[in-house]
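Novice: need a 3D model of the sequence below.
(chains A, B, C and D)
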Number of protein chains: 2
Amino acid sequence: MTTVHGAAPTLDDVAEAAGVSRSTASRAINGGERVSPEAQAAVDDAVARLGYAPNRAARSLVTRRTDSIALVVPEPDAKILTDPFLGGVLRGVSDALAGTDLQLVLLLARPGEQPGHLARYLRSGHVDGAIVASHHRGDQLEPQLARDPLPVVFVGRPFEGGSVPYVDVDNTAGGRAAARRLVERGCRRLATITGPLDMPAALDRFAGWRQVLDEHGLPAEAVANGDFTIDGGAAAMRQVLTEHPDIDGVFAASDLMAAGALDVLREHGRRVPQDVAVIGFDDLGMAERMSPRLTTVHNPVVQMVSAATGTLLDMLGGGRPPLKPQVLEPYLVEGDSA
Amino acid sequence: MTTVHGAAPTLDDVAEAAGVSRSTASRAINGGERVSPEAQAAVDDAVARLGYAPNRAARSLVTRRTDSIALVVPEPDAKILTDPFLGGVLRGVSDALAGTDLQLVLLLARPGEQPGHLARYLRSGHVDGAIVASHHRGDQLEPQLARDPLPVVFVGRPFEGGSVPYVDVDNTAGGRAAARRLVERGCRRLATITGPLDMPAALDRFAGWRQVLDEHGLPAEAVANGDFTIDGGAAAMRQVLTEHPDIDGVFAASDLMAAGALDVLREHGRRVPQDVAVIGFDDLGMAERMSPRLTTVHNPVVQMVSAATGTLLDMLGGGRPPLKPQVLEPYLVEGDSA
DNA sequence: TTGTAGGCGTTATCAG
DNA sequence: CTGATAACGCCTACAA
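Specialist: Model (predicted):
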């Protein structure tokens, strides 16, 4: 068997160059158990000389592992790409993957694609496991993934909430904290700008806000739906001002939406926080740069995603999925807006 | 051969279930050439019933294609993850990949990892091609990739500039446009905050700025190096103010750095644009949200990356790499800061 | 410690 | 149009 020049070197080439058999070469390359020092050295040398890299498809075919995991973002809208949330997610996965030699396959939902596409890919054996972030009701990912044994960890409580392991922040507590701060400040006519209501995080933040208002006997009617974007926040703020011109406190369920809200309040000549107090959610780097500096609820995204990835790695290593979800606590970050 | 319950269904299972041979099943699944309607229907049905998805490793082993491409970000620093630039890049790739069924493998450099890691992965046959963004001098990616025939397209002029196809924006022209605007405004004591000087984009923007100053016989000494981050921009601005307290115009080579510069100017009581005019670079969504609204140079990142991905797809389809780099034109975007 | 042999799931070739 | 059969490159008992 002669080495064809130009083609990628194969294990056979390495073995031949090192003067050993294929199996010895293979053992030497994978950890070097039961390999004599001479053989090891010869193989190492041949690998370096030839620039050999194992063919992952072939390896994967027999080991049934791919050494890569998927990060699934089932958000068809392109807006996710400029959301600091995604940055946090990437950061979290990247942190947790440091030290392993797992690779990251980024699975972004594409606008026009049929619903089962992502699930089918995940099942096709190209990844060993998956992290799912930014899950929506209706993306059908959950039932489809439950059907087969691919290890999956969700970031954020899944809708069906069956038995999928997940990591989340206590969004309800976050919503409560935001509302409480506004109440304690003396605000009595509170509004909220929610996130998309097909996402658990948005629902939970809203629920928390509402709880506190109910406790205090305050009306919880000034509600406008946003979509976690600046423009959506601005539109929602306009709607609130139209329907409830006298509000004195706003909880926006994301900092991006809070940014939009601040713009609109400024347009309308409302001073923040004197006329209207504003509080956001996320604290992913923008809050401290707004003017006034945004008071917000810290969402430990990086930590959440790292934890989720850690759990996934455990499962890949043979560990059982955790029985209980891991829930992190949000906390209030002081700013000048509330 | 009996189907083992729990294991992923294989082509054999499908064939058996459909009452045809493996070959026929395979053909039916891949486009259906030379397959009778009945056979096709039987196979389709079996696929659906069994929830069959082809094993990509096995397929890839024989076709020598993986149907996935890599997006390589050889930026070891975690700061890249929150840079809007990355959002633009993802958006560009994602746009260009819509309609294909290629998957995206995100290869982020990790802090501690040895230099050849990325190149080795790319050579291991797990992807059909790669887009390289945010290339640094010294990441050694270029020489390593030149050694083997993996189709690669760079976003941004590579350092060695050998024969790697790339797409870029004319950063020099952008630097010139920024400087010209400041000069035309009447500024005569100009400063610049550069990007990291191990990146071609930063060098080119700086070169353009300098050209215009030279043409006008203005001193080009107020230069501070930043790192494309807000904090880096702030630090650089402080340095400039210390060394050249009388400057009246600043070109920051990225909007993030411009944001930091604006903060520092405000701290120092300098009015923008009255006392000091400021102009940024990128226009990736932050400029319009700063106060004052930042005048900046538009960097068509999404378009660049889409073009690069398109070129890569051509190459994967058998096309020759383009002889000349594609260079897009930047343009000035009006704001209130210059 | 080493090598031989078999098979992972798929596609491609080539007779029927 | 169909179905044996031979790779693809690698890992891993098992036997030496």
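Novice: state the number of residues packed around residue A:31.
Specialist: Here the count is done by other Cβ atoms under 10 Å in any protein chain shown, and residue A:31 has 8 residues near it. C-beta here means a position set from N, CA and C on the backbone, and glycine is covered the same way.
Novice: ok, it - contacts?
Specialist: Residue A:31 makes no contacts at all, as judged by Cβ atoms under 8 Å, 6 or more residues apart in numbering or on different chains.
Novice: element containing it, please.
Specialist: Counting by DSSP states H and E, no helix or strand carries residue A:31.
Novice: any idea how far it lies from residue A:40?
Specialist: Taking Cβ to Cβ, to the nearest Å as the measure, residue A:31 falls 10 Å from residue A:40.
Novice: next one: residue A:190
Specialist: 70 Å.
Novice: check residue A:175 too.
Specialist: Between residue A:175 and residue A:40 the distance is 59 Å, computed by Cβ to Cβ.
Novice: same deal with residue A:159?
Specialist: Using Cβ to Cβ, residue A:159 is found at 52 Å from residue A:40.
Novice: these two: who's more crowded?
Specialist: Neighbour count, other Cβ under 10 Å: between residue A:159 and residue A:40, residue A:159 has more, with 20 against 17.
Novice: tell me the contacts of the more buried one?
Specialist: By Cβ under 8 Å, 6+ apart, the neighbours of residue A:159 are A:135, A:137, A:142, A:200.
Novice: can you give me the helices in the stretch 51-200 of chain A?
Specialist: According to DSSP state H, counting those that start in this stretch, the stretch 51-200 of chain A carries its helices in the segments A:56-63, A:84-97, A:117-123, A:141-146, A:171-184, A:200-215.
Novice: ok, which of those helices comes nearest residue A:288?
Specialist: Nearest to residue A:288 among the helices of the stretch 51-200 of chain A is helix A:84-97; the distance by Cβ to Cβ comes to 12.1 Å.
Novice: show me what the closest one is in contact with.
Specialist: Here helix A:84-97 makes contact (Cβ under 8 Å, 6+ apart) with A:69, A:71, A:73, A:80, A:104, A:131, A:133-134, A:155, A:228, A:255-256, A:282, A:284-286, A:301-310, A:313, B:78, B:81-83, B:86-87, B:90, B:106, B:108, B:110.
Novice: if you set the cut-off to 7 Å instead, what comes out?
Specialist: Under the criterion Cβ atoms under 7 Å, 6 or more residues apart in numbering or on different chains, residues A:71, A:80, A:104, A:131, A:133, A:155, A:284-286, A:301-302, A:304-306, A:309-310, B:78, B:81-82, B:108, B:110 lie in contact with helix A:84-97.
Novice: how about stretch A:252-272?
Specialist: A:83, A:192-195, A:202, A:205-206, A:226, A:228-234, A:236-238, A:241, A:250, A:276, A:278, A:280-284, A:286-287, A:290, A:292, A:294, A:296, A:337.
Novice: state the distance from residue A:224 to residue B:325.
Specialist: Distance from residue A:224 to residue B:325, by Cβ to Cβ: 48 Å.
Novice: which of the two has more residues huddled nearby?
Specialist: Between residue A:224 and residue B:325, counted using other Cβ under 10 Å, residue A:224 has the larger neighbour count: 24 against 16.
Novice: helix/strand/coil for that one?
Specialist: Classification of residue A:224 using DSSP: H, G, I helix; E, B strand; the rest coil returns strand.
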